[in-house]
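task: produce atomic coordinates for the following.
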Amino acid sequence: TIVYLIKENYMKDKNITPNKYSNFKIVGYPDKLKSFVDYEITAPLYVRIKITNICNASCFFCGYASDLSDMHPTCDRTSEIPSGKVLSLINEVADMGTPAILFSGGGEPLVHPIAPEAFDLCYNRGLKYALITNGQNLDAKMAQHLKHASWVRLSMDYWDGDSLKRFRRVSPRLFEKIMT
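Numbers count the residues shown, from 1 in each chain. Down below sits the predicted model:
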């Protein structure tokens, strides 16, 4: 109750409108804030899982591509979490009380063969889930597994087939597929 009142008063005093994209997002979780005050260890609000380093693009600006960047020099672009371990991790996250999982990558999450089953497991375990993707593997079949996602962010840094080819170093024909 005290944490909620602090949040409410702080936001009112600062004339802050609640915004899910705010730097103050933690303020929307009074129980989590209270756990800090009480020195209580609780489950994280979400877990980010990078299920694969494999990618179906070759973006010139990618920090994970060792041939393009020294940001992650030991990144193995061929590694991924084994399918059974991905499912095990999801179950462990649910069991410890974490409410959400974000699937992202050092690679493209949708190239991992377990991705559809992983999304379904999240839903069946009552977890919120979200995805950051380049969109190349999005289709009607994949959409069925993502229909319960909290959100899906399509990373786009191009405006047509030619810019897609230039930035992502993939076929310009993919532009139409991604956009539909």
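
check which element follows the lowest-mean-pLDDT helix or strand in the chain along the chain.
The helix or strand of the chain with the poorest confidence is helix 2-13; it has a mean of 54 (mean pLDDT, DSSP states H and E). The helix or strand immediately downstream of helix 2-13 is helix 30-37, counting by DSSP states H and E.

would you mind pulling up the elements that that next one packs against?
helix 2-13 (3 or more C-beta pairs under 8 Å, 6 or more residues apart in numbering; DSSP states H and E). (Each C-beta comes from the backbone N, C-alpha and C, glycine too.)

now the helices: where do they sit in this structure?
Ranges of helices in the chain, per DSSP state H, are 2-13, 30-37, 83-95, 115-124, 140-146, 161-168, 174-179.

now render these as TSV, adding mean neighbour count.
Output for the helices of the chain, formatted as TSV (neighbours: other C-beta atoms under 10 Å):
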stretch	mean neighbour count
helix 2-13	13
helix 30-37	14
helix 83-95	16
helix 115-124	19
helix 140-146	13
helix 161-168	17
helix 174-179	16
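
what's the closest of those helices to residue 64?
Set against residue 64 and scored by C-beta to C-beta, the helices of the chain come closest in helix 161-168, at 13.7 Å.

how far does the closest one sit from its chain's centre?
Relative to the centre of its chain, helix 161-168 is centred 23 Å away, using C-alpha atoms, centre = their mean, to the nearest Å.

again, but for stretch 85-100
Distance, stretch centre to chain centre, for stretch 85-100: 15 Å (C-alpha atoms, centre = their mean).

how much space between residue 44 and residue 34?
In this view, residue 44 and residue 34 are 15 Å apart by C-beta to C-beta, to the nearest Å.

same question, residue 150
Taking C-beta to C-beta as the measure, residue 150 and residue 34 are separated by 24 Å.

now residue 81. Nearest residue, chain neighbours left out?
Leaving aside its chain neighbours, residue 81 sits nearest to residue 51 (5.1 Å; criterion: C-beta to C-beta, 6 or more residues apart in numbering).

I figured that neighbour hits residue 103, correct?
Yes - contact status for residue 51 versus residue 103: in contact at 6.3 Å, counting by C-beta atoms under 8 Å.

which neighbours do these two have in common?
109, 115, 118 (C-beta atoms under 8 Å, 6 or more residues apart in numbering).

beta partners of residue 133?
Note on residue 133: beta-bridge partners by DSSP bridges are residue 154.

need the per-residue pLDDT for it.
Note on residue 133: pLDDT of 96.
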